[in-house]
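*Asks:* pasting the structure only:
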Ligand code: NAD
Ligand code: UDP
């Protein structure tokens with residue numbers, strides 16, 4: 001049955017793929033975005049779809065629409081963007097959550113929160129399970145994002161307990177794919193763009209730090225499956241690819257796949273940069289019957305093809 005679905009941050013990287021999949025399932029989609037890091041180009045192909053509606057809206061202000069489901073993705077996700085105006089980042093997570101949870105309460109909509117592996121901070125438990133409470137610096141340069149997302153989770157669970165709202169909290173681990181921003185400083189986009197331009201590949205620190213990279217199609221499929229779980233399943237649930245890669249190996253793989261002449265250059269490691277990150281996805285496997293299917297090589301090949309079109 002067709003539903004009326006709000007996607008905040010719908011003009012961003014993950015949001016635009018989500019809008020696309022929801023429309024393909026015949027739902028009506030309202031995409032609300034303030035275009036801070038989102039881009040109209042990401043959703044241009046959806047604008048002519050009569051089931052799609054685009055609203056320029058900042059989630060730190062209330063929104064009055066009638067909906068059955070809400071996916072709250074609004075928030076800058078890369079360090080350079082969320083550190084650009086850290087107060088606005090915290091407001092986006094916290095005031096945004098309050099406004100959207102209020103909307104969910106009034107409309108009785110089911111609401112999904114795009115939380116993050118950053119709630120674990122620089123983890124001293126490996127791999128990270130949902131029961132781990134994290135190791136987060138509350139006063140550092142990543143705190144506006146990490147603590148904002150942690151507070152948003154608190155709000156989701158308090159609205160759930162206090163107002164009986166149906167919530168779905170996803171802890172998203174590093175995700176990559178077409179429509180990542182060209183200049184958002186994230187490692188996959190940085191390395192690919194540098195490789196395509198034959199510029200130095202900038203590895204921060206010694207390149208031994210790890211991340212686990214999930215391709216966007218796998219991730220968005222998990223969002224849909226999580227939204228469809230039975231009402232009593234709230235999460236938080238880790239979503240990500242458990243295969244761990246260090247940054248040096250990633251750089252070498254991207255140089256090989258692009259056939260680039262780029263050389264590796266080591267740069268200082270940013271403050272509070274987590275050393276290791278890998279999701280334990282046992283819960284997602286059990287509850288969503290989901291696990292990532294796209295290999296790093298296949299996902300990188302598709303992402304490189306996207307950047308080849310836009311890198312000048
Ligand atoms: P993105 O920057 O491409 O998308 C975020 C979108 O939110 C953008 O379109 C931006 O313009 C919009 N936005 C920002 N502030 C807003 C505000 N106040 N009001 C309305 N819109 C606003 O990033 P993304 O990678 O697509 O991330 C989407 C969500 O997933 C974010 O909440 C992010 O924290 C979360 N997440 C992403 C990753 C990842 O690896 N991509 C990992 C963990 C969590
Ligand atoms: N990184 C890097 N070179 C870059 C960009 C990032 O070595 O040009 C490193 C960064 O220090 C971190 C990892 O890659 O250890 C992932 O960074 P990203 O910003 O993509 O994600 P996050 O740190 O938020 O997981």
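*Replies:* Noted; the coordinates are in hand. Fair warning: this is a prediction, and the values are worked out from it, not measured in the lab. Residues are numbered from 1 along each chain as shown. Ligands and ions are numbered 1, 2, ... in the order given.
*Asks:* Could you tell me how far the residue lying farthest from the centre of the chain is located from residue 200?
*Replies:* In the chain, the greatest distance from the average C-alpha position (Cα atoms, centre = their mean) is reached by residue 261, at 30.9 Å. Separation of residue 261 from residue 200 (Cβ to Cβ, to the nearest Å) stands at 11 Å. Bear in mind the C-beta positions are built from the backbone N, C-alpha and C, glycine included.
*Asks:* what's the answer for residue 138, then?
*Replies:* To residue 200, residue 138 is 35 Å away according to Cβ to Cβ.
*Asks:* which one of the two has more residues nearby?
*Replies:* Neighbour tally, residue 138 and residue 200, criterion other Cβ atoms under 10 Å: the higher count belongs to residue 200, 13 against 9.
*Asks:* Can you tell me the SS state at the nearest residue to the more buried one once chain neighbours are set aside?
*Replies:* Sequence neighbours aside, residue 265 is the residue nearest to residue 200 in space, at 3.8 Å (criterion: Cβ to Cβ, 6 or more residues apart in numbering). What DSSP: H, G, I helix; E, B strand; the rest coil gives for residue 265 is strand.
*Asks:* The residue farthest from the centre of the chain contacts residue 198, correct?
*Replies:* Yes: contact criterion Cβ atoms under 8 Å: residue 261 and residue 198 qualify, at 4.9 Å.
*Asks:* I'd assumed the residue farthest from the centre of the chain was in a strand, is it?
*Replies:* No: with three-state DSSP as the criterion, residue 261 is located in coil rather than a strand.
*Asks:* how about low-confidence regions in the stretch 201-312 of the chain?
*Replies:* 312 (pLDDT under 70).
*Asks:* Mind telling me which residue of it is nearest ligand 2?
*Replies:* The nearest approach of the stretch 201-312 of the chain to ligand 2 comes at residue 204, 3.6 Å away (Cβ to the nearest ligand atom).
*Asks:* measure that residue to residue 121 for me?
*Replies:* In terms of Cβ to Cβ, residue 204 sits 18 Å off from residue 121.
*Asks:* Between these two, which is the more surrounded one?
*Replies:* Higher neighbour count among residue 204 and residue 121: residue 121, with 23 against 15, using other Cβ under 10 Å.
*Asks:* Excluding sequence neighbours, find me the nearest residue to residue 122.
*Replies:* Nearest residue to residue 122, sequence neighbours excluded (Cβ to Cβ, 6+ apart): residue 274, at 4.4 Å.
*Asks:* Please apply the same query to residue 137.
*Replies:* residue 272 (5.5 Å).
*Asks:* which ones are touching the residue nearest to residue 200?
*Replies:* Listed by Cβ atoms under 8 Å, 6 or more residues apart in numbering, the contact partners of residue 265 are 200, 201, 202, 203.
*Asks:* The strand or helix carrying the third one pairs with which strands?
*Replies:* I take that to be residue 202. Per DSSP states H and E: residue 202 is located in strand 201-204. Strand pairing for strand 201-204, using DSSP bridges, gives strand 264-267 (parallel).
*Asks:* Those residues of the chain touching ligand 1, which are they?
*Replies:* Within the chain, the positions near ligand 1 by Cβ under 6 Å from any ligand atom are 8-9, 11-15, 33-38, 58-60, 73-77, 92, 96, 114, 116, 172, 174-175.
*Asks:* Mind checking which of these land in strands?
*Replies:* Counting by DSSP state E, the residues of the chain next to ligand 1 place 8, 33, 114, 116, 172, 175 in strands.
*Asks:* hey, where'd the helices end up in the stretch 101-250 of the chain?
*Replies:* 143-163, 187-196, 216-227, 247-258 (DSSP state H, counting those that start in this stretch).
*Asks:* Buried residues in the last one, which are they?
*Replies:* For helix 247-258, burial by neighbour count (16 or more other Cβ atoms under 10 Å) applies to 247, 248, 250, 251, 254, 255, 257, 258.
*Asks:* need the contact list for the closest residue to the first one other than its chain neighbours.
*Replies:* Residue nearest to residue 247 in three dimensions, not counting chain neighbours: residue 207, with 4.4 Å by Cβ to Cβ, 6+ apart. The contact partners of residue 207, by Cβ under 8 Å, 6+ apart, come to 246, 247, 248, 251, 264, 266.
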